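J.: the following comprises the amino acid sequence and a computationally predicted model.
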Amino acid sequence: MASINYYDVTEWNVGNPYEDIGEVINSIIADIKSRQTETDFHGGGKPGAAIYIPAGDYHLRTQVVIDISYLKIMGSGHGFISSNIRFNIPEHEWAGLHELWPGGSRILVDLSPEAGGNESAGAAFYVERGGDPRISSVEFENFCIDGLHFVDDGLGKADPENTYANGKTGIYIASAQDSFRITGMGFVYLEHGITIYHADALSIHDNFIAECGSCIELRGAGQASKITDNLMGAGYKGYSIYAQNFGGLLVTANNIFPRGTSSVHFDGVARSSVTGNRFHSFYPGMLVFEENCTENLVSSNHFLRDHEPWAPMQALDNGIDDLYGLLYISGDHNSIIGNHISETIGKQYIKPSGAKPVIIRVAAGRGNYISNNHIVATTEAAKTQSAGDGSCFSAQVGALLTTEELAALDVTAVLIEKESVQNTVLDSGSEAQVVLDQKVNAFRGTPVPLQ
Amino acid sequence: MASINYYDVTEWNVGNPYEDIGEVINSIIADIKSRQTETDFHGGGKPGAAIYIPAGDYHLRTQVVIDISYLKIMGSGHGFISSNIRFNIPEHEWAGLHELWPGGSRILVDLSPEAGGNESAGAAFYVERGGDPRISSVEFENFCIDGLHFVDDGLGKADPENTYANGKTGIYIASAQDSFRITGMGFVYLEHGITIYHADALSIHDNFIAECGSCIELRGAGQASKITDNLMGAGYKGYSIYAQNFGGLLVTANNIFPRGTSSVHFDGVARSSVTGNRFHSFYPGMLVFEENCTENLVSSNHFLRDHEPWAPMQALDNGIDDLYGLLYISGDHNSIIGNHISETIGKQYIKPSGAKPVIIRVAAGRGNYISNNHIVATTEAAKTQSAGDGSCFSAQVGALLTTEELAALDVTAVLIEKESVQNTVLDSGSEAQVVLDQKVNAFRGTPVPLQ
Amino acid sequence: MASINYYDVTEWNVGNPYEDIGEVINSIIADIKSRQTETDFHGGGKPGAAIYIPAGDYHLRTQVVIDISYLKIMGSGHGFISSNIRFNIPEHEWAGLHELWPGGSRILVDLSPEAGGNESAGAAFYVERGGDPRISSVEFENFCIDGLHFVDDGLGKADPENTYANGKTGIYIASAQDSFRITGMGFVYLEHGITIYHADALSIHDNFIAECGSCIELRGAGQASKITDNLMGAGYKGYSIYAQNFGGLLVTANNIFPRGTSSVHFDGVARSSVTGNRFHSFYPGMLVFEENCTENLVSSNHFLRDHEPWAPMQALDNGIDDLYGLLYISGDHNSIIGNHISETIGKQYIKPSGAKPVIIRVAAGRGNYISNNHIVATTEAAKTQSAGDGSCFSAQVGALLTTEELAALDVTAVLIEKESVQNTVLDSGSEAQVVLDQKVNAFRGTPVPLQ
């Protein structure tokens, strides 16, 4: 063994990590606890330990249960590859592929939960501890959690491997916790990547979380945390980032690509920030603030919405129409400042047909401040991409780049719904593009050329 | 030993790391130096080494002195827990707690400096080298420095464990240095977390620095550095971030919670950035620019000031009143653009009593540009939180969230003091909320509804 | 060996890592491939491996060729030091220096390519794989790639060690790839630091890339990647960040210092973000958008341009004059919002002599939105710095700080060239400082004081 308080899962004396790494890690945790015998009233602590997962394939058939502070679980590679592209290649072509599965230090989640069922039962890593103090400073670093397959969701809309449903969760934290870190990880083909209740001073930083139903869900309530510098993209049913009753969340420097029913969905969140991110989505409702979100800042983000370019996914969407708002705000005193918002969409895809899409919509609320957003709306030609070429790379780059001159698309830049008052809209659309009641809201239209 | 130029403190042949890790690391450094005998004129260098601190409790009774480049000291866990919450729980309840102390790879700083005394004497890690070149590329990563206790500061205001005073410093860098990295660390219960003189190309990234008197102090002068993506919160007497005579500092993506006499305090700083951070404070003077700070950018930040919710700390504050400015600017040509600023405070807490709080105050200076800041000011009910429940978690979330409708609080959104000229204030408050001399400063009030 | 799928280059049984680490790593890669024999149709993968490079000096005489996914190469130190300062100290003074060369886990690139020649031939690490899927999840972490010397470039302008030319590249990725990570690395004295073709979901995060001809070049095309939180600075001939035909690139939280013919140069890039960075340059053309860059966001950045303070480099520049634009925009529908831009330059350095420098220039394009930028232009006294003191530290801090009152410099804040239409310029300069045709572009000047 390399050192004290350091465990290599391939060198532990209970279980076989290749057959069931869950049994091995639980046995290691039991060992750590059995050695924490100090009463520690005079400065001695229960310092925890590190568990190392070398690069390799490790089946997990027993859920890992964590109830000690200061545990670090770490690997040697986030191991992401697109499983979705591969599952949409005809199976007879698989033999020609270099590799079929994700890699790195890879946990194969071989639990058998029901799709859409009890989420905690389907979690590879489950954290819970009652009593005081809250469990603290558990760290997950640089390994891969792979849900392997999606399954038939009974809805009949998507091929089983395209449903984003399998009841599996990567990391599920059930009880209040403090100062956790999730860094450099990979998550793929999980119905839920990371689900955390009652987070405080949490850091989710520099991970790769993609092809998961939802990527990050912060539930219950929480405070003073950060989701920063991640590459992410959820499924058409889930959220890339979801937060509930949170205060002081910082969402910054993330590059969030499709799909995701929303890129960011806040439910009763207050005094939080969404700044300096890049968001790309295929549907309206990219950013949703509901249940009275208050005093949040959305600034310096780049939003792009275009049409799904990839054939196997084109029949699927989040069910939201273009009048809902690309950014939907329900709540008071939020700030939407200095964002760039691009929407490029063929007119045949707009729902309801013939509607004028709404970009920023204040559905309800007072005192919101919407200033200096640049909204660019264009039509694009329809694009179709077959799955047969083994990659949606070229099609997506094509969708992102606009070298041809695109026709302008007529949109409602900002819509303040009736009964919303005391909102301020400045320089975010011309008089013709903004709909509000100037008697009860303040407005200054973006100037237009003199001729 | 795992490898060459790699030292595990628990396997070294001098000293006992559990009794005095300082003696062990100093002996390792001496060994590294004794092996660096090459004259290295033709490409061979003095590459340094890595020192690994496994998870564990290590008393430090001898200061570590670093005077070689390319040293990396690393552990397996930042190990933060709130010591402050625990010290404010009655001692007879401690037996029921899961753990009492921070953990991970934890240095227990058992030096005995005077509180408020010679700071370098109380430093766990002391870096200094004269001559040329400047010492370069020392890295600190993923371990915990714990100052253990605060002590009576003789001021009689706070219980000894709440004074933020003990004369201890985590890392103290006394001489000019280049390209240092401090990453993934934990700092707790130190009077000074990190103190650095003459920094160049420094990176302080993704650390947890809380319950320290001051968190980061960059002194002397410095340039071209970054403080990014940290979770931090200083004491009521100190600074979360302090910088002096710095050029080109980038402070971004940090989530800085209370307390801290200031969240950011710049003294003679120029051409630096404070962008995309989330700041939370209990006092005025959250951001202070003094001694002619020039040409700095403060943008896309979320500022929240509310009232201390936690009983053991409610008698303490930074002594600054509400007329000082929540953001205080002394200097020329700074930019304050696109920030969200929330102040929510019961009227009974405003000092001086009955005063109208000032949010952005230009105390002195010309050419500052203050644009598109959204200021939200409300009153709140008084809140009190007993220390008995072992956690201030619920109370703080309560403070962060505002589900009830709060009454508006009358504030001066921007105040440009007399003799300050050529400043520009745009869309950061209505005509009624901004105080300046329009003859010598430019102004455009945020528009208001027509009725 | 510490673990399975974990290789220490100093313990491998083929080659001598100190003499030729390239031979050793290639042999390790061959071993990994020879062990990947599973057909892996049922969940078993090819998980890759980790290769560890301890702190030390390793000559690389054979190019490393990577053609497997999930390979992680990692060291124990980025090892940067300024070689440029040292090479400009008289050689007889070298004996008095603490160290002469970079360190950490250091690769000495001892290939002999031609300066400016076939770049891939001069690459220390070369990645290429044909077929499907794209090579995925290779990670480079925390080691140093040192090009050792620059050479005579035949242009006669610079001393050989100041040319930024030697034909060497740190990491060269020739084929389309997915989800690569480059983190915590050091790059120094390479003509090209990182050159990547066809990137998807790439992360270049928290590195130190300086004293390289160009730092990061993303070529061909690419999408959905991030360049975040790096310290960088290229040579006077190259780019700190270059991207071509990219969609969805996020450049944020970087501190980019001189030199660099540009800090950021985009060629045909669309729907990308440059936000929250700090940029410092000695020449015009700090940020260049050319070949129809569209719908990009440049916000919340701090730009500083001043004059080269260091004597050995003062004869060199990028050849661009002050009418070109400090920010040069060619393309449509870009957003330039909320930046601080400082230019401080002695009048004697302005080219052409007597010209009025242009800060933001839209050379061609429609629909660009330029709003709320604060431009500060001042003259400075000429400064000269001898190389003899072993450090340009003090001189550079001097250049960054402005404690004296500087005289205002008359500039064109924004210039919209003829035939550019439908652009919008708001609050980014007074009527006297902005040049555009108001008949075809929209304009609102920054207000000025009433007297």
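T.: Thanks, I have it.
J.: what helices and strands are in contact with the helix or strand hosting A:Asp20?
T.: Using DSSP states H and E, A:Asp20 sits within helix A:17-35. With contacts taken as 3 or more Cβ pairs under 8 Å, 6 or more residues apart in numbering or on different chains; DSSP states H and E, helix A:17-35 sits against strand A:49-53, strand A:56-60, strand A:64-66, strand A:71-75. For the C-beta atoms, the positions are set from N, CA and C on the backbone; glycine is no exception.
J.: anything in the first one near chain C?
T.: Yes - contact of strand A:49-53 with chain C (Cβ under 8 Å from any Cβ of the partner chain) involves A:Tyr52.
J.: try the second one
T.: Yes - residues of strand A:56-60 contacting chain C under Cβ under 8 Å from any Cβ: A:56-57, A:59.
J.: just the helices in the stretch 351-451 of chain A please.
T.: A:393-400 (DSSP state H, counting those that start in this stretch).
J.: typo on my end, the stretch 201-350 of chain A
T.: Using DSSP H, counting those that start in this stretch, helices in the stretch 201-350 of chain A do not occur.
J.: how close does whatever residue of it ends up closest to chain B get to A:Ala270?
T.: Closest contact between the stretch 201-350 of chain A and chain B, by Cβ to the nearest Cβ, is at A:Gly247 (2.3 Å). Applying Cβ to Cβ, to the nearest Å, the value for A:Gly247 to A:Ala270 is 5 Å.
J.: same question, A:Leu202
T.: A:Leu202 is 17 Å from A:Ala270, where distance means Cβ to Cβ.
J.: can you check A:Val448 too?
T.: For A:Val448, the distance to A:Ala270 (Cβ to Cβ) stands at 36 Å.
J.: who's more crowded, the two?
T.: Shown here are A:Val448 and A:Ala270; by other Cβ atoms under 10 Å in any protein chain shown, A:Ala270 has more neighbours (28 against 13).
J.: report the separation between the more buried one and chain C.
T.: Applying Cβ to the nearest Cβ, to the nearest Å, the value for A:Ala270 to chain C is 23 Å.
J.: which pLDDT value belongs to that residue?
T.: Per-residue pLDDT puts A:Ala270 at 97.
J.: repeat that for A:Thr402.
T.: A:Thr402 is assigned 52 on the pLDDT scale.
J.: kindly report the same for A:Leu249.
T.: Per-residue pLDDT puts A:Leu249 at 98.
J.: next one: A:Thr39
T.: The per-residue pLDDT reported for A:Thr39 equals 57.
J.: please verify my assumption that A:Val414 contacts A:Ser371.
T.: No - assessed by Cβ atoms under 8 Å, A:Val414 is found out of contact with A:Ser371, at 10.4 Å.
J.: between those two, what contacts are shared?
T.: Contact criterion Cβ atoms under 8 Å, 6 or more residues apart in numbering or on different chains; residues shared by A:Val414 and A:Ser371: A:425, A:428.
J.: residues near A:Ala30, how many?
T.: A:Ala30 has 12 neighbouring residues, counting by other Cβ under 10 Å.
J.: and if you look at A:Ser175?
T.: A:Ser175: 15 neighbours (other Cβ under 10 Å).
J.: show me what contacts A:Ala174?
T.: Neighbouring residues of A:Ala174 by Cβ under 8 Å, 6+ apart: A:120, A:126-128, A:197.
J.: lowest-confidence member of those, which is it?
T.: Minimum pLDDT across the contacts of A:Ala174 falls on A:Ser120, with 93.
J.: so it touches A:Tyr172, yeah?
T.: Yes - counting by Cβ under 8 Å, A:Tyr172 is a contact partner of A:Ser120 at 5.2 Å.
J.: mind checking how far the residue most central in space within chain A is from C:Glu380?
T.: Nearest to the mean C-alpha position of chain A, by Cα atoms, centre = their mean, lies A:Ser240 at 2.1 Å. Distance of A:Ser240 to C:Glu380, given as Cβ to Cβ: 46 Å.
J.: please name the nearest non-neighbouring residue to A:Lys418.
T.: Excluding the flanking residues, the one nearest A:Lys418 by Cβ to Cβ, 6 or more residues apart in numbering or on different chains is A:Asp437, at 6.9 Å.
J.: helices or strands up against the top strand by length along chain A?
T.: Longest strand in chain A, counting residues (DSSP state E): strand A:214-228. Secondary-structure packing of strand A:214-228 (3+ Cβ pairs under 8 Å, 6+ apart): strand A:192-200, strand A:203-205, strand A:231-234, strand A:239-244, strand A:246-252, strand B:255-256, helix B:393-400.
J.: of all those, which one comes closest to C:Asp153?
T.: Evaluated with Cβ to Cβ, the helices and strands packed on strand A:214-228 place strand A:231-234 nearest to C:Asp153, the distance being 37.8 Å.
J.: got the domain boundaries for chain A?
T.: Here the domain assignment for chain A is A:1-171+A:181-188+A:203-212, A:215-451, based on automatic domain parsing.
J.: pLDDT score assigned to A:Gln36?
T.: On the pLDDT scale, A:Gln36 gets 87.
J.: nearest spatial neighbour of it, skipping sequence neighbours?
T.: According to Cβ to Cβ, 6+ apart, the nearest residue to A:Gln36 is A:Lys46 (4.3 Å).
J.: so who does that neighbour touch?
T.: Counting by Cβ under 8 Å, 6+ apart, the residues that A:Lys46 touches are A:36, A:38, A:40, A:68-70, B:98-99, B:101, B:103.
J.: up against chain B, what does the stretch 151-300 of chain A have?
T.: Contact residues (Cβ under 8 Å from any Cβ) of the stretch 151-300 of chain A with chain B: A:176, A:178-179, A:181, A:183, A:198, A:200-201, A:203, A:205, A:221-226, A:228-229, A:245-250, A:252-253, A:268, A:270-273, A:275-276, A:292, A:294-297, A:299-300.
J.: ok, and the most crowded of the contacts of A:Lys46?
T.: Within the contacts of A:Lys46, most neighbours by other Cβ under 10 Å means A:Tyr70, with 33 neighbours.
J.: verify the stated contact: that residue with A:Pro47.
T.: Yes - assessed by Cβ under 8 Å, A:Tyr70 is found in contact with A:Pro47 at 5.7 Å.
J.: shared neighbours of those two, which are they?
T.: Listed as contacting both A:Tyr70 and A:Pro47 by Cβ under 8 Å, 6+ apart are B:55, B:77, B:79, B:103-104.
J.: dump those to CSV, plus secondary structure, pLDDT and distance to C:Asn26.
T.: Converted to CSV, the shared contacts of A:Tyr70 and A:Pro47 look like this (DSSP: H, G, I helix; E, B strand; the rest coil; pLDDT from 0 to 100; distance: Cβ to Cβ, whole Å):
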residue, secondary structure, pLDDT, distance to C:Asn26
B:Ala55, coil, 97, 36
B:Gly77, coil, 98, 35
B:Gly79, coil, 97, 40
B:Gly103, coil, 96, 42
B:Gly104, coil, 97, 37
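J.: what about chain A: which of these touch it?
T.: Among the shared contacts of A:Tyr70 and A:Pro47, the residues within reach of chain A (Cβ under 8 Å from any Cβ) are B:55, B:77, B:79, B:103-104.
J.: which one of those is nearest chain C?
T.: B:Ala55 (16.8 Å).
J.: where in chain A is pLDDT low?
T.: A:1-2, A:38-44, A:381-405 (pLDDT under 70).
J.: buried stuff in stretch A:207-221?
T.: By neighbour count on 16 or more other Cβ atoms under 10 Å in any protein chain shown, the buried set for stretch A:207-221 is A:207-219, A:221.
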